[in-house]
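In: Predicted coordinates and the sequence they were generated for:
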Amino acid sequence: MILPTSEEVFERAAELWAEGRRTGRPHRDADLIIAATALIQNRTLVTGNTTHFDWIPRLAIANWRESKRPA
């Protein structure tokens, strides 16, 4: 699914960047835009790189690498 960016998304990403810098957490710009989009859209972020996002409060994360596959 492709979701649009907006000024609200970029502002939230900037807040996450500042929080990440303040707490010594990873803060790659693209990851923060992805996380901010998920937060603004109230979506679950599906990723195989949960450590890039697990420090972000209220962000729902699903690890596709750990999902159970049908037998």
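Out: Structure received.

In: CA only for contacts and neighbour counts going forward, please
Out: Fine.

In: Can you read off the backbone torsions of residue 63?
Out: For residue 63, the backbone dihedrals (degrees, to the nearest 10) come out as phi -90, psi 110.

In: Please report how far residue 4 lies from residue 36.
Out: Remark: distance between residue 4 and residue 36 (CA to CA, to the nearest Å) = 11 Å.

In: So the two - more neighbours on which side?
Out: Counting neighbours by other CA atoms under 10 Å for residue 4 and for residue 36 shows that residue 36 has the greater number, 25 against 8.

In: which helices and strands does whichever strand or helix holds that one pack with?
Out: Per DSSP states H and E, residue 36 falls inside helix 29-41. Using 3 or more CA pairs under 8 Å, 6 or more residues apart in numbering; DSSP states H and E, the elements in contact with helix 29-41 are helix 7-23.

In: pLDDT averaged over the helix it packs on, what's the number?
Out: Here helix 7-23 scores 95 as its mean pLDDT.

In: and what of stretch 59-71?
Out: Mean pLDDT, stretch 59-71: 80.
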